[in-house]
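Enquirer: Okay, here's the prediction I keep looking at, along with the sequence it came from:
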Amino acid sequence: MNIRARQDAILRHLRRSGAATVDVLASEVGVSRRTVLRDIVALRDEGFVIHGEPGRGGGLQLDPQSMQTTTRLAVAEVFALLISVATMRAAGYLPFAGLADAGLAKIEKTLPPEKTRDLRRFLNCLHVGRVSPLQDLSDMGAIDPDLLPAFETAFLDRLYLRFDYHDAKGRKTTREVEPQAMLILPPLWYLVAWDPARADFRHFRMDRISNPSVVSGTRFRQRHVPFDQDVCPYTSLRL
């Protein structure tokens, strides 16, 4: 269990039980008393009001009115929110665009500086356009949930991405490519990548990608992607 998951588990236990001792929490999340105490300090720093009652029968108690004052969202989570808004806007249906952008701007402002930098670098890879009315959408499938976390590492660290891919005819291949951009043509999402084996750019429908993994080691350079005229970067769509 990572730090974030452990601290979330501590909060859930305190909300559910009302109060708990450090020993009970340590047993609940499978760590030492010292680790739980460090987690409590970190949670208090984030704005959670956690009272400590000394003595027999005492313990830790979470103020039910308290809430975090700093964001705990990961870069990929904020990115997912942003691209959802971009997709709706590109589809021509976002009736509360102003409120959505204002809310997302507030979230971005609460991110630590290093997360903000990563988010903006991630967004620079995102382009949005409109799908052709002739596009066959009958075979659309679900996108692998492991894809976005893999994208985050591959795009930010400029690392190769390996995955299995099946094309429109059902032929399956394993690809190892340089991820250069993401293209949203609602409702289709594409990975735009340089394919060294073919010495050219390729568009991979994300719903046809499976088993994505980042290839550690060799890094690649950013390339200019020749998009069509009706495709624009996400940043040009923001208010």
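Expert: Perfect, thanks for sending it.
Enquirer: low pLDDT regions in the protein?
Expert: 54-58, 66-73, 86-94, 97, 235-239 (pLDDT under 70).
Enquirer: what's the domain layout of it?
Expert: As recorded under automatic domain parsing, the domains making up the chain are 3-62, 75-237.
Enquirer: Would you mind putting those domains into JSON lines with mean neighbour count alongside?
Expert: (Each C-beta comes from the backbone N, C-alpha and C, glycine too.) Supplementary listing: these in JSON lines, determined by neighbours: other CB atoms under 10 Å:
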{"stretch": "domain 3-62", "mean neighbour count": "15"}
{"stretch": "domain 75-237", "mean neighbour count": "15"}
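Enquirer: What pairs with the longest strand along the chain, parallel or antiparallel?
Expert: Secondary structure of the chain read by DSSP state E shows that its longest strand is strand 172-185. In the sheet, strand 172-185 lines up against strand 126-128 (parallel), strand 159-166 (antiparallel), strand 188-195 (antiparallel) (DSSP bridges).
Enquirer: give me the element the most centrally placed residue in the chain is part of.
Expert: Among the residues of the chain, the one closest to the centroid is A76, at 1.6 Å (CA atoms, centre = their mean). Using DSSP states H and E, A76 sits in helix 75-90.
Enquirer: What ranges does the protein have for its strands?
Expert: Using DSSP E, the strands assigned to the chain run over residues 19-20, 50-53, 59-62, 126-128, 159-166, 172-185, 188-195, 200-205, 209-219, 232-233.
Enquirer: ok, the second one: who's next to it in the sheet?
Expert: Strand 50-53 has its sheet partners listed here by DSSP bridges as strand 59-62 (antiparallel).
Enquirer: what's next to the partner strand, contact-wise?
Expert: Strand 59-62 is touched from outside by 11, 14-15, 18-22, 24-25, 40, 48-53, with contacts defined as CB atoms under 8 Å, 6 or more residues apart in numbering.
Enquirer: could you redo the last one with a cut-off of 7 Å?
Expert: 11, 14-15, 18-22, 40, 48, 50-53 (CB atoms under 7 Å, 6 or more residues apart in numbering).
Enquirer: Equivalent analysis for stretch 38-45, please.
Expert: The set of residues external to stretch 38-45 that reach it, using CB under 7 Å, 6+ apart, is 6-7, 10-11, 50, 60.
Enquirer: Just the C-alphas of that stretch, formatted as PDB.
Expert: This file holds the C-alpha atoms of stretch 38-45, laid out as PDB (Å, rounded to 0.1, in the frame of the first residue of the first chain):
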ATOM      1  CA  ARG A  38       3.900  10.500  10.600                       C
ATOM      2  CA  ASP A  39       0.800  10.000   8.500                       C
ATOM      3  CA  ILE A  40      -1.400  11.800  11.000                       C
ATOM      4  CA  VAL A  41       1.000  14.800  11.000                       C
ATOM      5  CA  ALA A  42       0.900  14.800   7.200                       C
ATOM      6  CA  LEU A  43      -2.900  14.700   7.100                       C
ATOM      7  CA  ARG A  44      -3.100  17.600   9.600                       C
ATOM      8  CA  ASP A  45      -0.700  19.600   7.400                       C
END
